[in-house]
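*Asks:* when you get a sec, could you give me coordinates for this:
(one chain, ligands or ions: 1)
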Amino acid sequence: MLDVTDLSVSYGAIRAVRSISFTLGKGELVSLLGANGAGKSSTIKCIAGALKASGGTITLEGKDITAASPEQVVRAGLATVPETRDVFPDLTVAENLMLGAYIHRRDQAGNRDNLEKLNTLFPRLAERSKQAAGTLSGGEQQMLVIARALMARPRVLLLDEPSLGLAPAIVERIFEMIETLKKSGLTILLVEQNVNQALAVADRAFVMRLGAIVASGTAEEIRSTSDLSAHYLGG
Ligand SMILES: Nc1ncnc2c1ncn2[C@@H]1O[C@H](COP(=O)(O)OP(=O)(O)OP(=O)(O)O)[C@@H](O)[C@H]1O
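*Replies:* Next comes the predicted model:
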């Protein structure tokens, strides 16, 4: 589904991502692990079209999206949930969700169907559809930004640190929901600091350090063979 080859991202003289390569197969859930500053968010932002690559290529289902704008990337079938968890605070939950369907705005019937499916997946959001998004709890806002990304009907979803700053019980729910999305056939790249939980749901994982991939394999291989604390905590 997604092929990233020799991707590099720089901020002026800072080389945040150094020629990394990885693939996501159809229906796979791959976790991207690494300490603060390892280059995970820069990788995600670049794939999403929000940052320009300084080298390498990104292809989605065989289509080159390396230089695509964020909207073109979404239209190509890839949606992103950034770690900033931004909702439109004064708009209702329902209005926030409809903004996620921007690229399908002429397909109202399709959007209603999709909304119904999402209401089943996120009953708490359905109960709060008329509530201002800014008044939701942190966990509910996380659910909302994920649901909003799904309104674009992506085939690939990038999730940047969905568990960040949330209480353990809520994190548990978020991970259950990620597993449900995987079962529905969605291809997912999950950036996480929460190593154990990320490996528990992943088919494969890779670890970044100082902009490079330093370990990769099945979740089981990463758990058992890598010196995770050295790679992960070493920054
Ligand atoms: N806008 C920016 N300008 C300059 N340097 C940046 C910018 N954004 C990130 N960096 C640098 O790029 C490197 C990679 O940062 P990035 O946010 O991609 O890491 P990360 O693995 O996602 O970390 P975190 O888990 O803290 O979000 C860091 O050294 C960071 O300081």
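*Asks:* pretty sure Phe209 contacts Leu33?
*Replies:* Careful, residue 209 is Arg and not Phe. No - under the criterion of Cβ atoms under 8 Å, Arg209 makes no contact with Leu33, lying 9.6 Å away. Yep, even glycine has a C-beta here, placed from its N, CA and C like the rest.
*Asks:* more crowded one of those two?
*Replies:* Taking neighbours as other Cβ atoms under 10 Å, Arg209 and Leu33 compare with Leu33 leading, 27 against 20.
*Asks:* any stretches of this structure with poor pLDDT?
*Replies:* Segments of the chain classed as low confidence (criterion: pLDDT under 70) are 226-235.
*Asks:* for the residue nearest to the spatial centre of the chain, name its beta-bridge partners.
*Replies:* Centroid-nearest residue in the chain: Leu159, 1.6 Å away (criterion: Cα atoms, centre = their mean). Beta-bridge pairing of Leu159 under DSSP bridges involves Val81, Leu190.
*Asks:* need the residues of the chain near the ligand, please.
*Replies:* Residues of the chain lying close to the ligand (Cβ under 6 Å from any ligand atom) are 11, 14, 16, 34, 36-42.
*Asks:* now these: which count as buried?
*Replies:* Using 16 or more other Cβ atoms under 10 Å as the burial test, those include 16, 34, 38-42 as buried.
*Asks:* mind listing what's buried in the helix or strand hosting Arg112?
*Replies:* Per DSSP states H and E, Arg112 falls inside helix 108-121. The neighbour-count check on helix 108-121 (16+ other Cβ under 10 Å) flags 111, 114-115, 118-119, 121 as buried.
*Asks:* can you tell me the closest non-neighbouring residue to Glu161?
*Replies:* Leaving out its chain neighbours, the residue that sits closest to Glu161 by Cβ to Cβ, 6 or more residues apart in numbering is Glu83, at 4.3 Å.
*Asks:* quick one: residues contacting that neighbour.
*Replies:* The neighbourhood of Glu83, defined by Cβ atoms under 8 Å, 6 or more residues apart in numbering, consists of 41, 160-161, 164, 191.
*Asks:* please repeat the previous calculation with a cut-off of 10 Å.
*Replies:* Neighbouring residues of Glu83 by Cβ atoms under 10 Å, 6 or more residues apart in numbering: 40-41, 44-45, 145, 159-162, 164-165, 191, 193.
*Asks:* cool, and Leu51?
*Replies:* By Cβ under 10 Å, 6+ apart, the residues touching Leu51 are 9-11, 16-17, 41-45, 70.
*Asks:* from the residues you listed, which two are the most distant?
*Replies:* Ser10 and Pro70 (19.2 Å; Cβ to Cβ).
*Asks:* only alpha carbons, please: show the host helix or strand of Arg124 as PDB.
*Replies:* For Arg124, the element it lies in under DSSP H and E is helix 123-127. Taking C-alpha atoms only, helix 123-127 is exported to PDB below (Å, rounded to 0.1, in the frame of the first residue of the first chain):
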ATOM      1  CA  PRO A 123     -20.800   5.500  20.700                       C
ATOM      2  CA  ARG A 124     -19.500   8.200  23.000                       C
ATOM      3  CA  LEU A 125     -19.200  10.600  20.100                       C
ATOM      4  CA  ALA A 126     -22.600   9.700  18.800                       C
ATOM      5  CA  GLU A 127     -24.100  10.600  22.300                       C
END
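*Asks:* what is it packed up against?
*Replies:* Applying 3 or more Cβ pairs under 10 Å, 6 or more residues apart in numbering; DSSP states H and E, one finds that helix 123-127 makes contact with helix 93-100, helix 108-121, helix 138-150.
*Asks:* of these, which is nearest Ser21?
*Replies:* Among these, if distance is taken as Cβ to Cβ, the winner is helix 138-150, at 25.0 Å.
*Asks:* nothing else from me, thank you.
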